[in-house]
Every structure is written in structure tokens, then in C-alpha cells.
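In: the sequence and its predicted three-dimensional model are supplied below.
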Amino acid sequence: MPNESGDTPPDARALDHATAGAPEVEAVAATVEELAARAPVRPDSPTFRELGVRAETVEALESVGITRAFAIQEYAIPSALRGSDLIGQAPTGTGKTLGFGVPMLEHINGPDEGADGTPQALVVVPTRELCLQVSRDLEQAGKIRAIRVLSVYGGVAYEPQTNKLRSGVDLVVGTPGRLLDLAKGKQLRLDKIQVLVLDEADRMLDLGFAEDVEKILSMLPERRQTMLFSATMPDPIVRIARRFLHQPLTIHADHNLDTGPSPDTEQFVYRTHSLNKVEMVARILQAKDRTLTMVFCRTKRAAQKVAEDLDFRGFAAAPVHGDLGQAARERALRAFRSGKVDTLVATDVAARGLDVTGVSHVINYDCPEDPDTYVHRIGRTGRAGATGVAVTFVDWEDLPRWKLINSTLGVGVADPAETYHTSPHLYDDLKIPEDASGTLPTAQRTRAGLNAEKTEDIELKKRSRPPRRGARGAEPTGTTAERPRQRRQRTRRNGGPETGADQTAAGADQTPARANQAPARANQAPPARANQAPTGDGPARSDAAASADKPRRRRRRRRAPGAGGEQTGN
């Protein structure tokens, strides 16, 4: 799928293979939310204990308030516990992580159960943010058994990850590029993998990781359990499932064969002009009961511009897109999760892997490219049983694209109403106060803003090594006093190498150690030049006579033409 700039997205692959520019897991722990019960479930839903989950895992989940299973977990866990291959298709935010994570923990051993430190299970995810989130959830679920979970992703140095692999891990969660790098470098062993999970598989293909995923699958043992989870099932995913899964069981939870958004999300679609979109967003951000909001743009420039416009109007907004450095992206995500900013303006790259509690509104500033993108965008709200509001802007040139999305998903808005920031139905639909304007009143600017979030220095520090022995700038062993600065002398090749007499005369101001070397070098006769004319002194000329020729030759070369010159021999 094209990225926000319209080209095939190589940025995700390049970022995944990078070795610098992102913080370690400890530095971004605040950006990943702890596993907790944050959404209601049906009172008649089965508990994890009733689904046959072992007591240690049930106790770990109950410690954070999770007792009953969501629909995808209810259907997937019993089948996965039997060792069957699965294809789980469910909307984003319906609890798929525990749907595959709980059975995975059941099939592996912990350190106290005979594990030798070689990875036994592997989860492949498309983005770094999703990698951290899945790792944290699985680590919490396996806390009592002390399951060692390692998150592997690009953008950080290899050493911390390889050190943990050498010390021993039981479960690895990683992005395709870094997993492949470590496997090729023999730091990551994949020969004992018993369970493989491909999470958000469709997004993985969109980011260009199809080839890497197939290479990783070819390195795994033939006898294993494979589970594939995704919100949508495009044709490439179906081909991978047919090739690498053995008689998989397909599970649709809260989902029909035609991919659709969550029914808990209220959807509004408006036909509007591009020059009026910011004005409408400013009004929507003042809607009643609004908490956190995500605004999705098609391009990186649009995301940056919208964020700057909203910030100028008094709203606490922060951008997240590919042109920002990793430090700036992490800073914006931390501020959004902590509530210092309540509006995150992002591109589709950020539409996956962001599990943020309390996102009440999603605004599609630009019309999505296809139905899958629409589902992924509005999946940021209405997660795990919560309710939400999704607003989509459709320009006149986007009408054919929107009609395709509407017919595929059955949104029920084939012809959106023409809407501007002054339209009464906009205020009625979204519960916007009638006196709302294009700027946020000063009394309502209670958020700290992005500037209140500290920027972490996440660049890798250069290792300072002492200079090598004998290298330029290195002190000799045992020398502590500062040596005097030596004067550099030029060597003229035209007149032959300098003799000891010249060096002694010109080097009177040199150090004693240097001057003591002059007599020894003075005994060495200079090599005879092939084109040098014989003089009256014969071949046995002294060093002093030979050195006296050079100043005369130099003065002769500097005289003007026609002025005559001195003879070389006197």
C-alpha cells in the first residue's frame, strides 16, 4: 500500500533495520500502558479459568482485574490450547493479544520448569509500538511463572538485545527486520520455536515486510503451531495462510465475512471543502464529553500543518509522522498518553499498534484510501467494548473513493451532506456548543501541552577509547610531563635531502634530544645526483660544500630572466 507520500513505504523497513536513534525499552516504559481491565465485558462471558487456562496465568490476570474473556478470546483460547493452527479475524482493539498470548504461555516452559533459555515462542508484529505493547501484556500474563519475554525491534543498538538473548529468554516479540538480522547473525536461535504468531499480518504486508516474514517462517521448525491474527484478510494474507498453516481454523469474533468497523463506534461522514477542514476540526474538539482525539491525515506535511494550526488556535496538539525523529515521536506519544496533549495528529503509520485508553473521537481529516485503512483508523476508538465517535471528511474529489468504502463496509452514508463549520447539523450531531469558535477559549486551555513533556536524549553515546599505543596524540608509557612542541622542517626534494649540517644550523632552537641526533646524521653523505655537473673539488666534496650549493641555486632560480646568474662552482 502506498504510504503518506504516495510511494512504496521503505521507511518502515529502514527504520526497523536501524541501529541508532531510539531509546531502550526502559526509556520508553512510560509510553506503554500496563495490562489492565479497561473495557466492559458481557456478564455471561466465560472466565479464563472456565476456558481451561492454568492457575498461574489466571492469577496473574486477576491481579490486574481481568477475569472474563472477550469474544475473540472465548473462541480462540480453547482451540489454541489443543494445538490447532488458527486464523483470527477481529476488529482492532477486541483483545486479540490475550487471545493468542494465553495459549502461547500454556505451551512453553518457564525457568523453573526446565527451560534452557532458548526461545520457545515467537510473535512477529509490524511496528515498534505494537511490539512494546504485546511484550508488556505477555510479560504481565506470565509474571507468576517468571516467563522471560524479550522485545526485539529496530532503532536501538543490538547489544542490549543480544545480551538478553545470551542470558536466556523464553518468548520473543519482534519486528521482522530486526528478527531477521539477529537470526542471520546467529544471535537468535529459531530451531526450538514451538508456537508462532503473526499479529496484524495485513499491516505487516502493507509496510513491505512480506519477504522478511517468509524468510523467518522458512527458518522455523516444520512441526509448530502457527496462529495468524489480523483485522482484515486481503489476498496476500490468504496465500501465506495456505502456504504455512496446516488445516487452520478460522475464527470470526464480533465480525462478519465482510470486514466492518466496531458497532460501538458512532460514524459521521461530511462532505466539506479542504479550506474549511481546520475550522470544522476546531469545533469538533470542543464537543461535549470529548476526551482524547486522534486526527488522521494522508500526508506527513498535512499532519504537521494541521498540528501547527491547532496549536496556534490554543489546542494541545502534537504531530506523529515519518519525518519526525524517534525522540520527537516518543515525546508526542508520552504527552498524549499522559494527557498533556489531548489531540494527536498522525499519518496512517501510527494507525496500528497504538493502544491508548480513553480515545473518544477519531477524525479522518483526509478520506481513507480503501476500506481497510478506514477500519484501522477508526479502530483507535471504541476499543474493547468502549464507545467512540468517528468523523470522516470527504472532499468532492474523494466521492468515488468514499462510495467504494461505503458499499464495502455498509456505513449507510452513500451521499454525505455538504457541511461547513457554520452548518447547524454539525453542532447537533456531535454535541458541539453553539458558541464554539475557531479558537479554544483561554479558560479552557488547561492542558500542559507538548512543551511540558521532557525531550529525552536517545542518541547513542560514542564510546570513548584511550588512544592506541604509538598513535598520534598518545603519550608514551611512563611519560607524565608535557613534551615541548617541536618545530616542523620542510624537506626540499629538488636540492636533494637535507644534510646533518643544515639540520644542525636550522635546528638550533630544537630540543636537546633532537639536536643530539644531528652529528650522527651529518656523517651520512648525500646521494649523488645523476645530472649534477662535476666541479673542481672532485667527487670527494665535503658535506659543507654540497650544502652551500643549495642557497646559490635557490637565489639563481629566483632572479629575473636575463639578469644572469652565478656559477655553481667558484
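Out: Looks like it arrived, so ask away.

In: quick one: list the elements packing against the helix or strand hosting residue 403.
Out: If you go by DSSP states H and E, residue 403 is part of helix 399-409. Counting contacts by 3 or more Cβ pairs under 8 Å, 6 or more residues apart in numbering; DSSP states H and E, helix 399-409 is packed against strand 265-271, helix 371-378. All C-beta atoms are positioned from the backbone trio N, CA, C, and that covers glycine.

In: which of these comes out lowest on mean pLDDT?
Out: Comparing mean pLDDT across the helices and strands packed on helix 399-409, the weakest is helix 371-378, with a mean of 85.

In: what angle separates that one from helix 399-409?
Out: If you take axes from the mean of the first three to the mean of the last three Cα atoms, to 10 degrees, helix 371-378 sits at 80 degrees to helix 399-409.

In: now the angle between strand 265-271 and helix 371-378, please.
Out: 120 degrees.

In: partners of the following helix or strand past helix 371-378 in the sheet?
Out: Following helix 371-378 in sequence order, the next helix or strand is strand 388-394 (DSSP H and E). According to DSSP bridges, strand 388-394 forms sheet pairs with strand 265-271 (parallel), strand 359-364 (parallel).

In: picking up where we left off before, output the helix holding residue 403 as PDB, nothing but the C-alphas.
Out: C-alpha atoms of helix 399-409 as PDB (Å, rounded to 0.1, in the frame of the first residue of the first chain):
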ATOM      1  CA  LEU A 399     -16.500  10.900  -3.600                       C
ATOM      2  CA  PRO A 400     -15.800   7.900  -5.800                       C
ATOM      3  CA  ARG A 401     -13.400   6.500  -3.200                       C
ATOM      4  CA  TRP A 402     -15.800   7.000  -0.400                       C
ATOM      5  CA  LYS A 403     -18.700   5.400  -2.300                       C
ATOM      6  CA  LEU A 404     -16.500   2.300  -2.600                       C
ATOM      7  CA  ILE A 405     -15.800   2.300   1.100                       C
ATOM      8  CA  ASN A 406     -19.400   2.800   1.900                       C
ATOM      9  CA  SER A 407     -20.600   0.000  -0.300                       C
ATOM     10  CA  THR A 408     -18.000  -2.400   1.000                       C
ATOM     11  CA  LEU A 409     -18.500  -1.700   4.700                       C
END
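
In: how about residues contacting that helix?
Out: By Cβ atoms under 8 Å, 6 or more residues apart in numbering, the residues outside helix 399-409 that reach it are 258-261, 269, 271, 367-371, 374-375, 392, 394, 411-414, 416.

In: in the stretch 401-550 of the chain, where is pLDDT below threshold?
Out: Scanning the stretch 401-550 of the chain for pLDDT under 70 picks out the ranges 456-550.

In: same question for the stretch 51-200 of the chain.
Out: Checking the stretch 51-200 of the chain against pLDDT under 70 turns up 91-93.

In: now the helices for it?
Out: 55-62, 71-81, 96-107, 128-141, 158-167, 176-184 (DSSP state H, counting those that start in this stretch).

In: could those go into JSON lines alongside distance to residue 447?
Out: Listed next are the helices of the stretch 51-200 of the chain as JSON lines, based on distance: least, Cβ to Cβ, whole Å:
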{"stretch": "helix 55-62", "distance to residue 447": "34"}
{"stretch": "helix 71-81", "distance to residue 447": "35"}
{"stretch": "helix 96-107", "distance to residue 447": "30"}
{"stretch": "helix 128-141", "distance to residue 447": "22"}
{"stretch": "helix 158-167", "distance to residue 447": "34"}
{"stretch": "helix 176-184", "distance to residue 447": "35"}
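
In: how about these in TSV, adding mean neighbour count?
Out: Formatted as TSV, the helices of the stretch 51-200 of the chain follow (neighbours: other Cβ atoms under 10 Å):
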stretch	mean neighbour count
helix 55-62	18
helix 71-81	22
helix 96-107	25
helix 128-141	24
helix 158-167	14
helix 176-184	21
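
In: which among these is found nearest to residue 325?
Out: helix 128-141 (13.6 Å; Cβ to Cβ).

In: check which helices and strands the closest one is in contact with.
Out: Helix 128-141 packs on helix 55-62, helix 96-107, strand 149-152, strand 171-174, going by 3+ Cβ pairs under 8 Å, 6+ apart.

In: if we can go back for a sec, of the strands paired with strand 388-394, which stretch is the most buried?
Out: Ranked by average neighbour count under the criterion mean count of other Cβ atoms under 10 Å, the strands paired with strand 388-394 are headed by strand 359-364 at a mean of 23.

In: what does it contact?
Out: Contacts of strand 359-364 (Cβ under 8 Å, 6+ apart): 265, 281, 284, 287, 289-296, 374, 377-378, 380-381, 383, 388-393.

In: give me the domain ranges for the chain.
Out: 11-252, 265-452 (automatic domain parsing).

In: just confirm residue 208 is within a helix.
Out: No: assigned with DSSP: H, G, I helix; E, B strand; the rest coil, residue 208 falls outside any helix and is coil.

In: that one: neighbour count?
Out: 21 (other Cβ atoms under 10 Å).

In: got it, and residue 369?
Out: Neighbours around residue 369, by other Cβ under 10 Å: 16.

In: separation between it and residue 206?
Out: Distance of residue 369 to residue 206, given as Cβ to Cβ, to the nearest Å: 11 Å.

In: now residue 272
Out: 27 Å.

In: among the two, which residue is more densely surrounded?
Out: residue 206 (25 against 22).

In: quick check, pLDDT for that one.
Out: For residue 206, the model assigns a pLDDT of 71.

In: quick one, which of the helices of the stretch 51-200 of the chain is nearest to residue 437?
Out: Closest among the helices of the stretch 51-200 of the chain, using Cβ to Cβ: helix 128-141, at 34.8 Å.

In: need the helices for the stretch 351-500 of the chain, in chain order.
Out: With DSSP H, counting those that start in this stretch as the criterion, the stretch 351-500 of the chain has helices spanning 371-378, 399-409, 424-430, 500-506.

In: return the most buried member of the ones you listed.
Out: By mean count of other Cβ under 10 Å, those have helix 371-378 as the most buried, with a mean of 24.

In: give me the helices and strands touching it, please.
Out: By 3+ Cβ pairs under 8 Å, 6+ apart, helix 371-378 packs against strand 359-364, strand 388-394, helix 399-409.

In: using TSV, lay out the ones you listed together with distance to residue 95.
Out: Output for the helices and strands packed on helix 371-378, formatted as TSV (distance: least, Cβ to Cβ, whole Å):
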stretch	distance to residue 95
strand 359-364	16
strand 388-394	16
helix 399-409	22
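
In: quick one: closest of the ones you listed to residue 442.
Out: strand 359-364 (22.5 Å).
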